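Trainee: Everything below, folded, please.
(chains A and B, ligands or ions: 3)
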Amino acid sequence: MSSYIRAIRLVNFRNYRDAAVSLAPGLNVVVGDNAQGKTNLLESLAFTATGSSPRTPNDSEVVRWGAEFARTEMRVVAGGRERAVAVGYAPGQKKRLSVDGVRRDSLARYAAGEAGVRVVNFFPDDIRVVKGAPADRREFLDGILSSLRPAYARAAADYARAVQHRNQLLRRIRDGISSRRTLSTWDRRVVELGLQLLRGREAAIGPLGEMFSDALRALYGSQKAGMRYSHSVTPEAYAEALREAHESDIERGRTSVGPHRDDFTLLLGGVDLTTYGSQGQQRLATLALKFAAREYVREVTGEDPVLLMDDVMSELDERRREYVAGYFMESSQAVVTTTNREYFSPQVLKRARVVRVAGGSVIQEPDQKAG
Amino acid sequence: MARYARPVERLINELSRLPSIGPRSAQRIAFHIVRGRPEDAYALAEALREVKERIKPCRRCFNLTESEECEICTDPRRDASIICVVEDPYDIGPIERTAEYWGLYHVLGGALSPLDGMEPEDLRIAELLERVRREGTQEIILATNPNTTGEATAMFIAEELRDLPVKVTALASGLPVGGDLEYADEVTLGRAFAGRRAI
Ligand SMILES: Nc1ncnc2c1ncn2[C@@H]1O[C@H](COP(=O)(O)OP(=O)(O)OP(=O)(O)O)[C@@H](O)[C@H]1O
Ligand SMILES: [Mg+2]
Ligand SMILES: [Zn+2]
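Mentor: Ligands and ions are numbered 1, 2, ... in the order given. The predicted structure is shown next:
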């Protein structure tokens, strides 16, 4: 059986002073009015499972206003054993990650599975993966790959750093501060790392595209969907292209080709969803991407990741709500927030764990006996 | 406005300029010194003075030394045909502790880093080339840090050495990538030396 989160305790996390939630395998529904802490609770689960917030790169935002630190503790059931993972953060200090009381010092390795559970999350703002800029799509793809392979996460970070160095060098050359002596060295370094990203992304995009297509068909209808990677440069031509771009790169002070300039296109019936998708199509495509991510993680690791879905029901019509509820119930574990429990049918709620949040407090509802 | 007596503020200020010491640690250390015995504080002050007065770079390898040449360069048992290139003097300690390496060193004084404005001319790369020509070095081991700037520096030096009759190797991987040699443990670092590869 795949791993799942049995419980979490939040201390000074967002609007929670000290709250504990116990979760069940299968569907968990988090109900509450606006601004009570539903999204914050989901965020804390992702924060503890991966070591960082999916909503903000700025850790100090999660610390409850006026508090000096935030701490989350989670109990994860993995491989029949229970483990305790915890993340502690105080602004200005290094984040503390621990598994069964033992400190972990690599965030990349922690994020790639040391917590014993992987998550795929959906926040309403994620529609930007479909609708937004290429950077949003790259972040989605790199996020999946990094959560599966620490080596990819490291290569991505090193690549970004190497490009920054190269860009600075280009500007220094342009401004007459640096000579060109080291430019080919930085080219080589950038290509070496960039190729690792290209290979990783190329291997993923095929299966991910298939899974996206299947998920969108189930959610939306019979039209054929797909995913197409668009290179700013192919791996074969990379080194050469970077060399040829020297003059114009120096002029602009920017590295013009490489995986940091790539994108992927989402297609529905041959039409680009980013440019031509309706709001509803873009929403469903976002959800389909998340379902595809779940399938992909499951295929690569053999384990079903935990789904953390924020306010997903309100955007769907009744038929789709029913389908999605079924989908969540069949997953190893899904935690789904809603302002309105009636989005779930009584039969579904009977088999789900329901947690109510109000003003940063948690009320566990007793489980109903499954019929 | 100073929160403490001026000399205490001054000490906190000086301490917080040191690497990896934030304002809080600076304050803690300062109060530790204020509370402690005078002898301890004077010993620290004396150590600081002595270091600045007596320590200088070795004229051959740029390791830190009290003499013209460092203890490693003047040790007749060391194999002078091999030079291990490191970024900083404190990278030598961890390598020495592996007891796997018996050659000499060359301290670059940093790494190539456009973001920090570090150019080849700011490093002792010309001095290295000069040494290889003069000393007839057989092998250069590039042991810069396994991070972005360290790797680029190694690549650049390998390129510069290409026309000289010297074998150029790099430490085998297995070092914590993205880290510093300073923090690598002896066993891993020792293995990296044993498994070094030509580049
Ligand atoms: N660091 C923080 N400290 C204290 N409170 C915070 C912090 N960050 C956010 N909040 C507050 O927590 C409250 C709950 O936020 P949350 O986003 O979880 O609400 P929600 O239940 O998801 O509401 P909605 O249904 O509107 O999405 C908000 O009022 C928000 O201002
Ligand atoms: Mg919300
Ligand atoms: Zn010396």
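Trainee: Give me the below-cutoff pLDDT ranges for the stretch 1-150 of chain A.
Mentor: Within the stretch 1-150 of chain A, the stretches with pLDDT under 70 are A:1.
Trainee: And the helix or strand of chain B with the lowest mean pLDDT, what's buried?
Mentor: Of the helices and strands making up chain B, the lowest-confidence element is helix B:186-194, at a mean of 75, by mean pLDDT, DSSP states H and E. Neighbour-count burial for helix B:186-194, counted by 16 or more other C-beta atoms under 10 Å in any protein chain shown, picks out B:189-190, B:192-193. Where C-beta positions appear, they are placed from N, C-alpha and C, glycine not excepted.
Trainee: Equivalent analysis for stretch A:14-21, please.
Mentor: For stretch A:14-21, by 16+ other C-beta under 10 Å, it's A:14-16, A:19, A:21.
Trainee: repeat for stretch A:360-371
Mentor: Within stretch A:360-371, the residues scored as buried using 16+ other C-beta under 10 Å are A:360, A:362.
Trainee: so how far is it from its chain's centroid?
Mentor: Its chain's average C-alpha position is 28 Å from that of stretch A:360-371, according to C-alpha atoms, centre = their mean, to the nearest Å.
Trainee: What lies in contact with that stretch?
Mentor: With contact meaning C-beta atoms under 8 Å, 6 or more residues apart in numbering or on different chains, stretch A:360-371 is reached by A:14-17, A:19-22, A:24, A:36-37, A:41, A:349-351, A:353-357.
Trainee: Recalculate using a threshold of 10 Å.
Mentor: Residues outside stretch A:360-371 that contact it (C-beta atoms under 10 Å, 6 or more residues apart in numbering or on different chains) are A:8, A:10, A:13-24, A:26, A:29-32, A:36-37, A:40-41, A:64, A:341, A:346-347, A:349-357.
Trainee: pLDDT score for residue B:175?
Mentor: As predicted, residue B:175 sits at a pLDDT of 55.
Trainee: Let me know the average pLDDT across stretch A:355-371.
Mentor: Mean per-residue pLDDT for stretch A:355-371: 87.
Trainee: re the thing from before, and the contacts of stretch A:360-371 near ligand 1, which?
Mentor: A:14-15, A:32, A:36-37, A:40, A:64 (C-beta under 6 Å from any ligand atom).
Trainee: Now flag whichever of the residues you listed is closest to residue A:318.
Mentor: Closest to residue A:318 out of those is residue A:32 (21.9 Å), distances taken as C-beta to C-beta.
Trainee: Run through the residues that contact the residue lying closest to the closest one once chain neighbours are set aside.
Mentor: Leaving aside its sequence neighbours, residue A:32 sits nearest to residue A:357 (C-beta to C-beta, 6 or more residues apart in numbering or on different chains; 4.1 Å). Contact analysis of residue A:357 by C-beta under 10 Å, 6+ apart lists A:15-16, A:19, A:21, A:30-33, A:36-41, A:337, A:363.
Trainee: what's the least confident helix or strand of chain B packed up against?
Mentor: Packing partners of helix B:186-194 (3 or more C-beta pairs under 10 Å, 6 or more residues apart in numbering or on different chains; DSSP states H and E): helix B:92-98.
Trainee: For chain A, just list every one of the helices.
Mentor: A:38-50, A:107-109, A:128-131, A:134-148, A:150-174, A:183-219, A:238-244, A:246-252, A:273-276, A:279-301, A:318-330, A:346-350 (DSSP state H).
Trainee: before we move on, back to that, which residues pair with the residue nearest to residue A:32 across the strands?
Mentor: Here residue A:357 sits in beta bridges with residue A:362, going by DSSP bridges.
Trainee: quick one: residue A:152 from residue A:250, how far?
Mentor: 30 Å (C-beta to C-beta, to the nearest Å).
Trainee: just to revisit the earlier point, just the buried ones from the contacts of stretch A:360-371?
Mentor: If you count burial by 16+ other C-beta under 10 Å, the buried members of those come out as A:8, A:10, A:13-16, A:19, A:21, A:23-24, A:26, A:29-32, A:36-37, A:40-41, A:64, A:341, A:349, A:351-357.
Trainee: I'd like the mean pLDDT over the longest helix that chain B contains, please.
Mentor: Using DSSP H to define each element, chain B has its longest helix at helix B:38-54. For helix B:38-54, mean pLDDT rounds to 95.
Trainee: Return the alpha-carbon coordinates of that helix using PDB.
Mentor: In PDB, the C-alpha atoms belonging to helix B:38-54 read as follows (Å, rounded to 0.1, in the frame of the first residue of the first chain):
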ATOM      1  CA  PRO B  38      40.400  39.300  31.000                       C
ATOM      2  CA  GLU B  39      43.200  36.800  30.200                       C
ATOM      3  CA  ASP B  40      41.000  35.000  27.700                       C
ATOM      4  CA  ALA B  41      40.100  38.200  25.900                       C
ATOM      5  CA  TYR B  42      43.700  39.300  25.800                       C
ATOM      6  CA  ALA B  43      44.800  35.900  24.400                       C
ATOM      7  CA  LEU B  44      42.300  36.300  21.600                       C
ATOM      8  CA  ALA B  45      43.400  39.800  20.900                       C
ATOM      9  CA  GLU B  46      47.000  38.700  20.900                       C
ATOM     10  CA  ALA B  47      46.200  35.800  18.500                       C
ATOM     11  CA  LEU B  48      44.600  38.200  16.100                       C
ATOM     12  CA  ARG B  49      47.500  40.500  16.200                       C
ATOM     13  CA  GLU B  50      50.000  37.600  15.700                       C
ATOM     14  CA  VAL B  51      48.200  36.200  12.800                       C
ATOM     15  CA  LYS B  52      48.200  39.600  11.000                       C
ATOM     16  CA  GLU B  53      51.900  40.300  11.800                       C
ATOM     17  CA  ARG B  54      53.400  36.900  11.200                       C
END
